[in-house]
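Student: got a sequence here, can you build the structure:
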Amino acid sequence: MKNRVTVTIADEEYTLVGSEEPSYTKKVAAHVDEKVREIMEGSGVSQVQGAILAAVNIADEYFKEVETAENLRRQLKEYLEEATKIKMELSEAKREIFKLQNKKQ
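Tutor: Numbers count the residues shown, from 1 in each chain. Have a look, this model is predicted:
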């Protein structure tokens, strides 16, 4: 189901249509509005320039988060591989203990 949500970004109203919940769409728009206003207030650039610079900053944040997520996935994979190796070593040690206990008897 498509939801229509009217939001304000840099004093301009936009009607956004999407399948996400309206609260989510408003949260995204508020983030964009905050970024555009930060840039416009700090540098006195036009609304279009502010929007473009905000988009660049948001894209930068996105790519850094993607890289962080990839690093975490890689680290998790390494930990899982290490855990599997340790489980195999533990299993082998248990077999050796069992053999030694049976030898004594």
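
Student: can you tell me the element the residue nearest in space to the middle of the chain falls in?
Tutor: Most central in the chain under CA atoms, centre = their mean is E65, positioned 5.3 Å from the mean C-alpha point. Using DSSP states H and E, E65 sits in helix 47-104.

Student: what's that helix packed up against?
Tutor: With contacts taken as 3 or more CB pairs under 8 Å, 6 or more residues apart in numbering; DSSP states H and E, helix 47-104 sits against helix 22-43. Using the backbone N, CA and C atoms, a C-beta is placed for each residue, glycine as well.

Student: show me what the helix it packs on is packed up against.
Tutor: strand 3-9, strand 12-18, helix 47-104.

Student: could I get the average pLDDT for that helix?
Tutor: Taken as a whole, helix 22-43 carries a mean pLDDT of 95.

Student: pull the CA atoms of that helix into CSV?
Tutor: C-alpha atoms of helix 22-43 as CSV (Å, rounded to 0.1, in the frame of the first residue of the first chain):
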residue,chain,number,x,y,z
PRO,A,22,4.4,7.7,7.4
SER,A,23,6.4,8.1,10.6
TYR,A,24,9.5,6.6,8.9
THR,A,25,9.1,8.9,5.9
LYS,A,26,8.8,11.9,8.2
LYS,A,27,11.9,10.8,10.1
VAL,A,28,13.9,10.6,6.8
ALA,A,29,12.6,14.0,5.7
ALA,A,30,13.5,15.6,9.1
HIS,A,31,17.0,14.2,8.7
VAL,A,32,17.3,15.7,5.2
ASP,A,33,15.8,19.0,6.4
GLU,A,34,18.3,19.2,9.3
LYS,A,35,21.3,18.5,6.9
VAL,A,36,20.1,21.1,4.4
ARG,A,37,19.5,23.7,7.1
GLU,A,38,23.0,23.1,8.6
ILE,A,39,24.7,23.7,5.3
MET,A,40,22.6,26.7,4.4
GLU,A,41,23.0,28.4,7.8
GLY,A,42,26.7,27.8,8.0
SER,A,43,27.7,29.0,4.5
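
Student: relative to helix 47-104, how tilted is that helix?
Tutor: Relative orientation of helix 22-43 and helix 47-104, computed by axes from the mean of the first three to the mean of the last three CA atoms, to 10 degrees: 120 degrees.
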